[in-house]
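Student: okay, predicted coordinates and the sequence, questions at the end:
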Amino acid sequence: MWKFASCDGCQLSLLDCEDELLALAGEMEIAYFMEASSHQVEGPYDLSLVEGSITTARDKRRIQQVRAQSRVLVTIGACATAGGIQALRNFSDVEEFTSVVYAHPEYIATLKTSTPVSAHVAVDFELQGCPINKHQLLEVISAFLHRRPPQVPAHSVCVECKIRGNVCVWVADGIPCMGPVTHAGCGALCPGYSRGCYGCYGPKENTNTASLCHWWKKELGADQATIVENLRNYNAAAPVFARESRRQERPDGEK
């Protein structure tokens, strides 16, 4: 388990497995997991789980080293798969931020962008979420152990709402909701409490963000700031969200 720029939430999701983690420990040797133990075993490694985005030149060098030592590399969480919330820097001037926040910005060594691991090395599987769903992570590890593809649903949060029996917050209450374009995994947590989905699990397959934004404007009267803020959340640098948010900032955003 490797950590880059992140909050450690996805690593904690694995530790939260508790009983399941004990079963896994009987099937595989945990060679490197600093959140759980200072014990380290030198590589190469059969499976590497990577949390966090690439934000410094050192990160770029280190992820290449991790890839070289790993037979299979799986990225977990929004930071590793889409740059994380820190990818908001990608839409602004990092030098301006550092000059305002830090007394000595010359000491800050950071890249102008926060990028997913896949922008730098080959990735074998991406598990989305902020944080990830621990049951989906167990499925990915189980699939690796049994040499089969992971069975992680590709449908949207809207399907999870139907499974839970949630009343649609968009239809019933006129609340902007990212559910139609967001990957399942959270169990429709926010809509279950009458809140719109925030897109924590990133874009689902074949999303139509242009249509979503069109109907937010025409049907709900959402303004540009609301639309851009929702697209630029935990998965701001996910390509489909990033492209649409830039398009919505243009005066002809509807075109």
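Tutor: Done, it's in.
Student: what residue ranges in this protein score low on pLDDT?
Tutor: For the chain, the stretches flagged by pLDDT under 70 are 252-255.
Student: quick one: the most centrally placed residue in it from C10, how far?
Tutor: By CA atoms, centre = their mean, the mean C-alpha position of the chain lies nearest to A78, the distance being 1.3 Å. Relative to C10, A78 is positioned 9 Å away (CB to CB, to the nearest Å). In short, each C-beta sits where N, CA and C put it, glycine included.
Student: between those two, what contacts are shared?
Tutor: Residues touching both A78 and C10 (CB atoms under 8 Å, 6 or more residues apart in numbering): G129.
Student: ranges for the helices of this protein?
Tutor: Using DSSP state H, the helices of the chain run over residues 9-15, 19-25, 57-69, 77-82, 94-101, 134-145, 157-164, 169-173, 209-220, 224-231, 239-249.
Student: show me what the fourth one packs onto, helices and strands only.
Tutor: Taking 3 or more CB pairs under 8 Å, 6 or more residues apart in numbering; DSSP states H and E as contact, the helices and strands that helix 77-82 lies on are helix 9-15, strand 45-51, strand 125-127.
Student: ok, now with 6 Å
Tutor: Here helix 77-82 touches strand 45-51, going by 3 or more CB pairs under 6 Å, 6 or more residues apart in numbering; DSSP states H and E.
Student: just checking: what are the partner strands of the strand it packs on?
Tutor: Sheet pairing for strand 45-51, assigned by DSSP bridges, gives strand 2-3 (parallel), strand 70-76 (parallel).
Student: returning to what we had before: how about the helices of the chain, which one is nearest V121?
Tutor: Of all these, helix 57-69 sits nearest to V121, with 4.0 Å by CB to CB.
Student: quick one: that closest one to strand 45-51, angle?
Tutor: 150 degrees (axes from the mean of the first three to the mean of the last three CA atoms, to 10 degrees).
Student: what about S99, how many neighbours?
Tutor: 13 (other CB atoms under 10 Å).
Student: ok, the residue nearest to it when sequence neighbours are not counted to T113 distance?
Tutor: Sequence neighbours aside, P105 is the residue nearest to S99 in space, at 5.0 Å (criterion: CB to CB, 6 or more residues apart in numbering). With distances taken as CB to CB, P105 is found 17 Å from T113.
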